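Trainee: predicted structure and sequence below. I'll ask about it afterward.
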Amino acid sequence: MSAGVVEPWERSLAASRVPTRIYLQYLLKFALYVTGWALCCALSEKSVPDAAWYVQPDAFKKFALWSLLFEGLGLGCSSGPLSGAAPRWFTPYRSFLTPGAVKVPFLEGLPIFGSHRRSWFDVALYVANNLLLIRALIAPQVAFEHVLPIVVVSVLLGLADRTQFLCMRPEQYLYLVICFLFPADWVSGSRWVQFAIWMGAGVSKMNHIFPYVTLVLAFTHPLLGRITRIPRAMVRSSTDLRPSALCERVTYIGAAVEMGFPILLLFSNGGWPTLLGLIVMTGFHLNIITSMPRAVPIEWNIFVLYSMWFLFGYHAAAPLSISSPVLTAFLLVAVLAVPVFGNLRPGRVSFLISMRYYAGNWAYSSWLFRGRAAHAKFGQIEVARAPFKLGIAPLPQLPFLTAHPGGASLHLLGRGLQLLYPKAVGGAEHLPEYIPVFGDGVARRLLGWSFGDGHLHDERLLRIVQSRCQFEPGELIHIFVESQPFLRQSVEYRITDAATGLVERGEIPISVLRTLQPEAGEVSTVDARTAALRVASAAARESR
């Protein structure tokens, strides 16, 4: 690396700094999220006469149901220009309401559900689920007959479309809704769900990958990132953009807090230990909210701020035991067995269902199109241009589509592309012939939503694209890098030619990735967030 490499990175990231008005628009969205919940609660009857409205049982239930609806409509996480969505802030509902749009089923070929083209039945399921949620939200009391149909239809949606299911954030909200089916145990069950989320997130950060996320957040933080000495303290030197010792200490202290204080909350029954745990975890989640990470999972953090005070504060004395063997079995599978399996075998389970949140350890892909002709061929795939309207949409400008959001090679796993690009195209001298497109951009265009889950744009989506575009050998090369499995110090990669199939499979040791610096060429690349903001601004000007 050349001397003073930190300065070009600082200039590049400073140029992509988000205007204050965009943050204000997000704040308005968060306010509408909370207001919508409060309005739903206003329609409820008090079941505890002397208690405030926000500690009523239905207040918690309706917040979970409202969040399920809000996320499923695409209004929540991964929306807006911070996540690369442009020119429209909210895109999923358009795809989910359009027959013929691309989808990735849970099992390809499964009767009724297994097609990669959205059917009218798929659209009907989506509409039915949203109507069922609205029915529960406006009911005076949330009852069993409101909840059961939502659970059933949500599971059917999961069979039909992985994207739709993950978009609802089921491991956050649907698990809670399932707990509502058990009147005697729903509070205790919800406490275990929330505890498992904290523990899964904390454990997944105990690796060599997460310090690189802290490094990126130090550069892109809306407040702290503007204080030059803070991001500079997070790197080793002006010529070494790897996490400093301070960065690693901050990282692991944060992970310890995320695991330690929830344990305190779970086993304390009130008093000062509970209050201490709630205050610390409030500060923890407020820190996440103010950092405004790229995927913008802020609504969930707002929900948790309320949830923890309700479940571990107001219901601090709730028992740990659960009387229902059915709910016990569900929780053992959903919040213990599946996350453990998903972290041991990350290729089999989404990082969301594995509860491996914002730890930097996520699968990703890069799509290499040989020239503008191949890229234009990809642009001929029909997408949802509006609800119920399928058609060919213009491709975004190349700098927007090809940039890796937030400086991908600042992240540890993203640095592997330096090794894989030359392998994929037969030598570094051939790289100028190809247009690299980040997989999240492909998924957002074709599927309507993306949240950093590489499994949404892995070889399954590649096969769908190939069936519609018929690329010639060498026209489209797909690079896929899997998450790091727990207890293993390497990541798997696969290089696939869309026309001929698997080209190469191998592993990259984490120790090798830790020796790499960010890709020098990326400094001059327009950051995806900047380009998204520019596209959004241009669209706003045109509308006026």
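Mentor: Cool, the structure landed.
Trainee: quick check: Leu132 vs Tyr126, distance?
Mentor: Separation of Leu132 from Tyr126 (CB to CB, to the nearest Å): 11 Å. From N, CA and C alone the C-beta is placed, and that goes for glycine too.
Trainee: same question for Ala359.
Mentor: 30 Å.
Trainee: in the chain, where is pLDDT below threshold?
Mentor: Applying pLDDT under 70 to the chain flags the ranges 1-17, 84-87, 396-408, 519-544.
Trainee: show the contacting residues for the residue minimising distance to the centre of it.
Mentor: In the chain, the residue lying closest to the centroid (CA atoms, centre = their mean) is Phe451, at 3.3 Å. By CB atoms under 8 Å, 6 or more residues apart in numbering, the residues touching Phe451 are 77-78, 166-167, 295, 352.
Trainee: of those residues, closest to Arg444?
Mentor: Lowest distance from Arg444 to the contacts of Phe451 (CB to CB) belongs to Ser78, with 8.3 Å.
Trainee: just give the closest residue to the closest one, not the sequence neighbours.
Mentor: Phe451 (4.5 Å; CB to CB, 6 or more residues apart in numbering).
Trainee: export the helix or strand hosting Leu148 as CSV, just CAs?
Mentor: Using DSSP states H and E, Leu148 maps to helix 144-160. These are the backbone C-alpha positions of helix 144-160, laid out as CSV (Å, rounded to 0.1, in the frame of the first residue of the first chain):
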residue,chain,number,x,y,z
PHE,A,144,-55.9,-17.0,19.2
GLU,A,145,-58.2,-16.8,16.1
HIS,A,146,-56.3,-13.7,14.9
VAL,A,147,-52.9,-15.2,15.4
LEU,A,148,-53.2,-18.7,14.1
PRO,A,149,-54.1,-17.8,10.5
ILE,A,150,-51.1,-15.4,10.4
VAL,A,151,-48.7,-18.1,11.4
VAL,A,152,-50.1,-20.6,8.9
VAL,A,153,-50.1,-18.1,5.9
SER,A,154,-46.6,-16.8,6.9
VAL,A,155,-45.2,-20.4,6.7
LEU,A,156,-46.8,-20.9,3.3
LEU,A,157,-45.2,-17.7,2.2
GLY,A,158,-41.9,-19.1,3.3
LEU,A,159,-42.4,-22.2,1.1
ALA,A,160,-43.3,-20.0,-1.9
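Trainee: tell me what the next helix or strand after that helix is packed against?
Mentor: Next helix or strand after helix 144-160 toward the C-terminus (DSSP H and E): helix 162-167. With contacts taken as 3 or more CB pairs under 8 Å, 6 or more residues apart in numbering; DSSP states H and E, helix 162-167 sits against helix 57-72, helix 92-96, helix 144-160.
Trainee: to Ser409, which of those helices lies closest?
Mentor: helix 92-96 (28.2 Å).
Trainee: and the contacts of whichever helix or strand comes after the closest one?
Mentor: As assigned by DSSP H and E, the chain's next helix or strand after helix 92-96 is helix 120-137. The contact list for helix 120-137 (CB under 8 Å, 6+ apart) reads 40, 43, 62, 65-66, 68-69, 72-73, 96-99, 103, 112, 142, 146-147, 149-150, 153-154, 156-157, 160-161, 164.
Trainee: any idea how far Gly441 lies from Ser83?
Mentor: 11 Å.
Trainee: neighbour count: these two, which is higher?
Mentor: Set side by side, Gly441 and Ser83 show more neighbours around Ser83, with 26 against 22, by other CB atoms under 10 Å.
Trainee: how near is Glu382 to Cys469?
Mentor: Relative to Cys469, and taking CB to CB, Glu382 is found at 11 Å.
Trainee: and for Asp453?
Mentor: With CB to CB as the criterion, Asp453 and Cys469 are 23 Å apart.
Trainee: just Ser291 next, same as before
Mentor: Taking CB to CB, one finds Ser291 at 39 Å from Cys469.
Trainee: also Val55?
Mentor: From Val55 to Cys469 the distance is 55 Å (CB to CB).
Trainee: same question for Arg444.
Mentor: Arg444 is 18 Å from Cys469, by CB to CB.
Trainee: again with Tyr364
Mentor: 22 Å.
Trainee: quick one: which of those two has more around it?
Mentor: Tyr364 (25 against 18).
Trainee: starting at the chain centroid, how far to stretch 504-517?
Mentor: Centroid displacement of stretch 504-517 relative to its chain, using CA atoms, centre = their mean, to the nearest Å, is 24 Å.
Trainee: er, stretch 447-455 I mean
Mentor: 8 Å.
Trainee: residue ranges of the helices in the stretch 401-544 of the chain, please?
Mentor: Assigned by DSSP state H, counting those that start in this stretch, the helices in the stretch 401-544 of the chain fall at 417-425, 439-447, 459-469, 510-513, 528-543.
Trainee: buried ones in the shortest one?
Mentor: Buried residues in helix 510-513, defined by neighbour count with 16 or more other CB atoms under 10 Å: 510, 513.
Trainee: other residues contacting it?
Mentor: Against helix 510-513 from outside (CB under 8 Å, 6+ apart): 208-209, 412-413, 415-416, 419, 484, 489-491.
Trainee: can you rerun that using 10 Å?
Mentor: Outside of helix 510-513, the residues within contact range by CB atoms under 10 Å, 6 or more residues apart in numbering are 207-209, 212, 411-416, 418-419, 484, 488-491.
Trainee: can I get the buried part of these as one PyMOL selection?
Mentor: To isolate the buried members of these in PyMOL, using 16+ other CB under 10 Å:
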select buried, resi 207+208+209+212+411+412+413+414+415+416+418+484+490+491
